[in-house]
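Undergrad: sharing a model that was predicted from the sequence below.
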Amino acid sequence: MTKKGKFGEYGGQYIPETLMNAVADLEKAYDYYGKDLGFTKELDTLLREYAGRPSGLYFAKRMTEDLRGAKIYLKREDLNHTGSHKINNVLGQALLAKKMGKTRLIAETGAGQHGVAVATAAALMGLKCRIFMGTEDTRRQALNVYKMELLGAEVVPVESGTGTLKDAVSEAMREWTGSVSDTHYCLGSVMGPHPFPTMVRDFQSVISKEIREQILEKEGKLPDAVIACIGGGSNAIGSFFGFIGDPEVRLIGCEAAGRGINSPETAATISTGSKGIFHGMKSYFCQDEYGQIAPVYSISAGLDYPGVGPEHAWLHDISRAEYVPVTDEEAVNAFEYMSRIEGIIPAIESAHAVAYAMSAAPGMRKDEIIVITLSGRGDKDCAAIARYRGHEVAE
Amino acid sequence: MSRIGDAFSDGKAFIAFITCGDPDLETTAKTVRAMTGSGADMIELGIPFSDPVAEGKVIQSANARALSGGVTVDRIFGMVRELRRDVRIPLVFMTYANVVFSYGPDRFASECRVAGIDGLILPDVPYEEKEEFAPICRRYGVDLISMVAPTSEDRISAIASDAEGFVYIVSSMGVTGVRNKITSDVGRMAALVRKNTDIPCAVGFGISTPEQAAEMAELSDGAIVGSAIVRIIAEHGKDSPEYAGEYVREMKKAVSGGLPR
């Protein structure tokens, strides 16, 4: 058997034998349907008519004027149905699951964005749905728990470990080992065992495909930098992928530094982690000297994960993409700034990318172009950010 | 070639699993000795991992208890060296890829040889990824144990042909943990394994009662029990050696054909 799904030394299929046939079947199905005209047509129609694609590339005029540097464009994934980029991948996987004859979807969720997207797709396609979510996150994102239940999904709070995204992934994997015959595990990021990192990246690469067309139409040239937030890395790889072959386009992933990369309360994997093997893949992880996975922290439930997708680890090693840490405080400032200056409330995850752009833009020339991917909308975060600022808001 | 074959040389084998450091390493060592004295043919020593994805609740909790007690790989190697002063049965480690990877596979395997560890089970390293660890283990005479599962089907021949030590037959889908009933066709899996290798095979996952152990050992060369023993330790803490020993005696009797028909 050959080495599959490797990005340099990263990636692979480090999973229990019980799951190997399931991922092999998935790989076969994806290889077939990914090239099938009927499938791609069906997916394109769903993306257009159900999810609302293409998402706009919006020139942030007031922000650009205020920062007095590079021209800033926002890729509006926040305007997709369900409020984030997650729907791009989920519609692809749910359609694939349906073709494979699966009757049930399971998934992990951190902020609840992926969970809501999966619950939505399950409702759309008449599939049963169970979402695993850390108990800490069910508290931080109570509204999304309600939404998933409203959409007909069962939400299972995960108490093990730190009660956050990594524990939800572990629990979804455990559930899958007992239910592979009728269940598809709809992984939400470019992580896990092959073929997930490749398949999810392909479904998300619609973001960079559109950015490219839109910016060429508006500016007649490629952007100088594409900036996206990164936890597992799905909106980042989706934003980067179409530009990997254009070395003049800087690709910048903004990691969640939490209370700072010199504190233990951080989730900045590439800045503070080391190579390891976990959740089905070889990549960078936050861990101790004995390989025990670290209990990471970020204000953003969606970036609160101790690993990063294997393709990002590779893009980092070959210096094709840059990964920078952004703290809670910087992200919250950006959340408030974007709301006031453009009338757009970004997801706290996306606010990490906005924060880095705010620091980078003033040092750039006025004819240079930054594209920030606004991966999601911030409605879900309002109560938590108010709390961070010392106000109690009833949800 | 390790001494794993010895475990199967005297009839059906009873293989016991224990999480190292739960509740502390001193109790683990005493329990290993008690189980050895009660007839265990081989012991799987679990090195705790923060996020054990193949484990059910019972062993997950044991991992968490052990880690919060401060156990480390180095301290576990120390315990094994001490055990080897008098424990002669085969001992294998059960842990996750990252524990070995972060320690350095070469250094880990070399320490295994020095301490007297005969084999290594990595449930998150399937056949496709084993080349990363197998040649290094081989160099130090440590058998990297292969697993087959109810879904393995046509993968079984490849896995079994390359297997070393013994083949671990996963009895059921899902994670580790006590089950009322084992519904997979274990006999068919064992037959497929035997068609492709001469090394022994043993069945684990879900076994807790003497009747289940006897049935699974009948279909293969031995039975592996984890969660049921870990549950005894969770209940009795430092007093576990006596209770675990008693349990193992009963189970060994069952796999040896000592159950009333």
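TA: Done, it's in. Residues are numbered from 1 along each chain as shown, chains lettered A, B, ... in the order given.
Undergrad: give me the phi and psi for residue A:153.
TA: Note on residue A:153: backbone dihedrals following degrees, to the nearest 10 are phi -90, psi 160.
Undergrad: all strands for chain B, in order.
TA: Using DSSP state E, the strands of chain B run over B:13-19, B:42-46, B:91-94, B:119-121, B:143-148, B:167-170, B:201-204, B:222-225.
Undergrad: of those strands, give the one that comes closest to chain A.
TA: strand B:143-148 (4.6 Å; C-beta to the nearest C-beta). Using the backbone N, CA and C atoms, a C-beta is placed for each residue, glycine as well.
Undergrad: returning to that earlier point: next, format the strands of chain B as JSON lines and append distance to residue B:31 and mean pLDDT.
TA: Formatted as JSON lines, the strands of chain B follow (distance: least, C-beta to C-beta, whole Å; pLDDT from 0 to 100):
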{"stretch": "strand B:13-19", "distance to residue B:31": "6", "mean pLDDT": "98"}
{"stretch": "strand B:42-46", "distance to residue B:31": "9", "mean pLDDT": "98"}
{"stretch": "strand B:91-94", "distance to residue B:31": "13", "mean pLDDT": "98"}
{"stretch": "strand B:119-121", "distance to residue B:31": "19", "mean pLDDT": "98"}
{"stretch": "strand B:143-148", "distance to residue B:31": "22", "mean pLDDT": "98"}
{"stretch": "strand B:167-170", "distance to residue B:31": "22", "mean pLDDT": "97"}
{"stretch": "strand B:201-204", "distance to residue B:31": "18", "mean pLDDT": "98"}
{"stretch": "strand B:222-225", "distance to residue B:31": "13", "mean pLDDT": "98"}
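Undergrad: so where's the stretch 1-150 of chain A shaky on pLDDT?
TA: A:1-3 (pLDDT under 70).
Undergrad: chain B contacts on that one?
TA: Applying C-beta under 8 Å from any C-beta of the partner chain, we find that the stretch 1-150 of chain A lies next to chain B at A:1, A:3-4, A:12-18, A:20-22.
Undergrad: just give me the neighbour total for the residue nearest to residue B:14 when sequence neighbours are not counted.
TA: Of all residues not flanking residue B:14 in the chain, residue B:252 sits nearest, at 4.4 Å (C-beta to C-beta, 6 or more residues apart in numbering or on different chains). The local packing of residue B:252 (other C-beta atoms under 10 Å in any protein chain shown) involves 24 other residues.
Undergrad: can you check residue B:78 too?
TA: 13.
Undergrad: quick one, what contacts residue B:82?
TA: Neighbouring residues of residue B:82 by C-beta atoms under 8 Å, 6 or more residues apart in numbering or on different chains: residue B:29.
Undergrad: and the pLDDT for it?
TA: If you check residue B:82, the pLDDT there is 98.
Undergrad: list the buried ones in stretch B:93-111?
TA: Across stretch B:93-111, burial judged by 16 or more other C-beta atoms under 10 Å in any protein chain shown covers B:93-103, B:105, B:108-109, B:111.
Undergrad: and chain A, which of those residues reach it?
TA: Okay, of the buried residues of stretch B:93-111 touching chain A (C-beta under 8 Å from any C-beta), that's B:96-103.
Undergrad: picking that back up, so the residue nearest to residue B:14 touches residue B:38, yeah?
TA: Yes: at 6.6 Å, residue B:252 and residue B:38 qualify as touching, with contact defined as C-beta atoms under 8 Å.
Undergrad: how many neighbours does the residue in the stretch 101-250 of chain A that chain B sits nearest to have?
TA: Per C-beta to the nearest C-beta, residue A:178 is where the stretch 101-250 of chain A lies closest to chain B, at 3.2 Å. The number of residues packed near residue A:178 is 14, by other C-beta under 10 Å.
Undergrad: over to residue A:313?
TA: Neighbour count for residue A:313, taken as other C-beta under 10 Å: 27.
Undergrad: and what about it, helix, strand or coil?
TA: Three-state assignment for residue A:313 (DSSP: H, G, I helix; E, B strand; the rest coil): helix.
Undergrad: one more: the one 3 residues further on?
TA: What three-state DSSP gives for residue A:316 is helix.
Undergrad: mean confidence score for stretch A:376-383?
TA: 93.
Undergrad: in CSV, list the C-alpha atoms belonging to it.
TA: Output of stretch A:376-383 as CSV, limited to C-alpha atoms (Å, rounded to 0.1, in the frame of the first residue of the first chain):
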residue,chain,number,x,y,z
GLY,A,376,-17.9,34.0,9.5
ARG,A,377,-20.3,36.5,11.1
GLY,A,378,-20.1,37.6,14.7
ASP,A,379,-23.6,37.4,15.9
LYS,A,380,-22.8,34.3,17.9
ASP,A,381,-20.0,36.1,19.7
CYS,A,382,-21.7,39.2,20.9
ALA,A,383,-22.6,37.9,24.3
